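*Asks:* whatever this is, show me its structure:
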Amino acid sequence: MHRAFEYRLYPNRVQHAQLLSCLAESRRIYNEMLEMVKAHHGETGKFLSRYDLTYWFKGSGGEYVPQSTVQTLADRLDKALKRFFHRRELGQKVGFPRFKSANRWHSIHLRQYGSGRDVFLNSETGRLHVPKKLGGRIKVKQHRPHEGTPKTALLVLRVDGRWYVLIVCDLGEAPEKRDGPAVGLDIGLKVFLADSEGETVENPRCYRRSQKKLRRAQRRLSRRKKGSKRHLKIARQRKDHAHKTARTYVDSYAVIAVEDLNVCGMVNNHHLAKSISDAGWSNFVSILDSKAESAGCRVYKVPPHFTSQRCSNCGEIVQKSLSIRTHDCSSCGYVEDRDVNAAKNILRAGARPSGLT
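*Replies:* Predicted structure coming up:
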């Protein structure tokens, strides 16, 4: 089981320039690797492996990119190709790996962690040791100690222009799955989620709330650029809410059932796309999975079909539009909040693979 610990970096002007140069040069090398792969496939019908790419681009880092980072670029492209072939075999709609533009390239991968290797965090001096091409020793704020055995690290540039280091640590084997109560979660827009116990979590609507403030200051907004601190603050608010909500359910329940939503398909609805993106469903489920694994909790994803229409009391299908927020079964007379009724159906569907009754 692995976990990434994130810390803020404080490079000086020279180090900041070196990091930016490495970032730009590594993106150029990656694109050249992809171009070589496509050209080689066009000539021979075969794709180059990561070992081939490492051999052909040996020493291409120049004065900006460490050789170990060049190797990680070959690994990254190789993994992208493998994902492409795997999804194509499954019959999914997938595109070939694309060339990376500047706004889609934000990290520098340092493969080997340890003293005398690619990267090492010295807690006593408060410095991150990196190759000389990247600045040597960079000031870091370690607000909490990392856990487990550090394996690798990534230097990440956020949209506000600040640098962070993500240290990936091996925490060992995941804990055994524990026994305990189960709950079903229905994720929505009116409320962020409703559970099968009848509890609800309000939708924070981070972007919507900020948008109202932006609308009042339209002139200042027109002078702001995309990727400002304000946009980063919204993302952090959304992430913080997801972490706190997931922690509450992971600590309280041993089995959690959620809908396996096709968010990419749902955002094609232009009337709801902004609200769906603002809710951050995929991010929440991903965080829930991660916390559940480290806490010995089980998460089951169930098909979303008819979870809102089916009566959780008798199983009868009760058709209702999205505007109707109360489930009223004409067959058995059961009345419940629409989202809570759906959460109970999700729990019942998730109980089958888990063997619960």
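*Asks:* what secondary structure does Y164 sit in?
*Replies:* Classification of Y164 using DSSP: H, G, I helix; E, B strand; the rest coil returns strand.
*Asks:* show me what the residue nearest to it when sequence neighbours are not counted is bridged to.
*Replies:* Spatial nearest neighbour of Y164, chain neighbours left out: V156 (4.9 Å); criterion: CB to CB, 6 or more residues apart in numbering. Yep, even glycine has a C-beta here, placed from its N, CA and C like the rest. Legend: beta-bridge partners of V156 under DSSP bridges are S107, Y164.
*Asks:* list the contacts of V156.
*Replies:* 106-108, 163-166 (CB atoms under 8 Å, 6 or more residues apart in numbering).
*Asks:* ok, now how distant is it from N341?
*Replies:* 42 Å (CB to CB, to the nearest Å).
*Asks:* which residues in this protein form strands?
*Replies:* 2-10, 107-110, 120-122, 127-129, 137-141, 149-157, 163-170, 182-187, 193-195, 200-201, 255-259, 298-302, 326-328, 335-337 (DSSP state E).
*Asks:* follow-up on the earlier one: now, of the contacts of V156, which are buried?
*Replies:* 108, 163-165 (16 or more other CB atoms under 10 Å).
*Asks:* need the residues you listed in a markdown table (columns: pLDDT and distance to L261).
*Replies:* Listed next are the buried ones among the contacts of V156 as a markdown table, based on pLDDT from 0 to 100; distance: CB to CB, whole Å:
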| residue | pLDDT | distance to L261 |
| --- | --- | --- |
| I108 | 96 | 33 |
| W163 | 97 | 34 |
| Y164 | 97 | 30 |
| V165 | 97 | 33 |
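*Asks:* ok, which stretches of the stretch 101-250 of the chain are helices?
*Replies:* Secondary structure of the stretch 101-250 of the chain, counting by DSSP state H, counting those that start in this stretch: helices at 206-216, 218-223, 229-252.
*Asks:* and those helices, which one is worst for confidence?
*Replies:* Across those, helix 218-223 has the smallest mean pLDDT, namely a mean of 54.
*Asks:* so which of the strands of the chain is nearest R310?
*Replies:* Of all those, strand 326-328 sits nearest to R310, with 9.3 Å by CB to CB.
*Asks:* centre of the chain versus that closest one, how much separation?
*Replies:* 35 Å (CA atoms, centre = their mean, to the nearest Å).
*Asks:* K190 and R325 touch, don't they?
*Replies:* Yes - K190 lies in contact with R325 (CB atoms under 8 Å); the separation is 6.8 Å.
*Asks:* residues that sit against both of those two, list them.
*Replies:* Counting by CB under 8 Å, 6+ apart, the shared contacts of K190 and R325 are D339.
*Asks:* nearest spatial neighbour of the residue positioned nearest the centre of the chain, chain-adjacent residues omitted?
*Replies:* When CA atoms, centre = their mean is applied to the chain, the residue found nearest the centroid is N283 (5.6 Å). Using CB to CB, 6+ apart and skipping the chain neighbours, the partner closest in space to N283 is A242 (5.6 Å).
*Asks:* dump the residue contacts of that neighbour.
*Replies:* 280, 283-284, 287.
*Asks:* start and end of stretch 298-308, how far apart?
*Replies:* Using CA to CA, to the nearest Å, the end-to-end distance of stretch 298-308 comes to 23 Å.
*Asks:* now do the buried residues in that stretch.
*Replies:* Buried, per 16+ other CB under 10 Å, within stretch 298-308: 298-302, 304, 307-308.
*Asks:* list just the nearest of the contacts of V156 to A273.
*Replies:* Among those, H106 lies closest to A273 (CB to CB), at 24.2 Å.
*Asks:* against A4, how distant is the closest one?
*Replies:* For H106, the distance to A4 (CB to CB) stands at 15 Å.
*Asks:* before we move on, what about L157?
*Replies:* 16 Å.
*Asks:* more neighbours: these two, which one.
*Replies:* Remark: of L157 and A4, L157 carries more neighbours, 18 against 14, as counted by other CB atoms under 10 Å.
*Asks:* in a markdown table, list the buried residues of stretch 298-308 along with distance to M266 and pLDDT.
*Replies:* Shown next, in a markdown table, are these (distance: CB to CB, whole Å; pLDDT from 0 to 100):
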| residue | distance to M266 | pLDDT |
| --- | --- | --- |
| R298 | 25 | 92 |
| V299 | 20 | 93 |
| Y300 | 20 | 92 |
| K301 | 15 | 91 |
| V302 | 16 | 91 |
| P304 | 10 | 86 |
| T307 | 14 | 89 |
| S308 | 14 | 88 |
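*Asks:* contacts only, for G136.
*Replies:* Listed by CB under 8 Å, 6+ apart, the contact partners of G136 are 15, 129-130.
*Asks:* okay, now the unreliable bits of this structure?
*Replies:* Residue ranges of the chain with pLDDT under 70: 211-231, 352-357.
*Asks:* how is it divided into domains?
*Replies:* Annotated domains of the chain cover 2-170, 182-354 [automatic domain parsing].
*Asks:* so for E176, which of the ones you listed sits nearest?
*Replies:* Short answer: domain 182-354, nearest of these by CB to CB, at 5.8 Å.
*Asks:* how far does that closest one sit from the chain's center?
*Replies:* 16 Å.
*Asks:* please renumber so the chain begins at 56
*Replies:* OK, 56 is where the count begins now, so the last one is domain 237-409.
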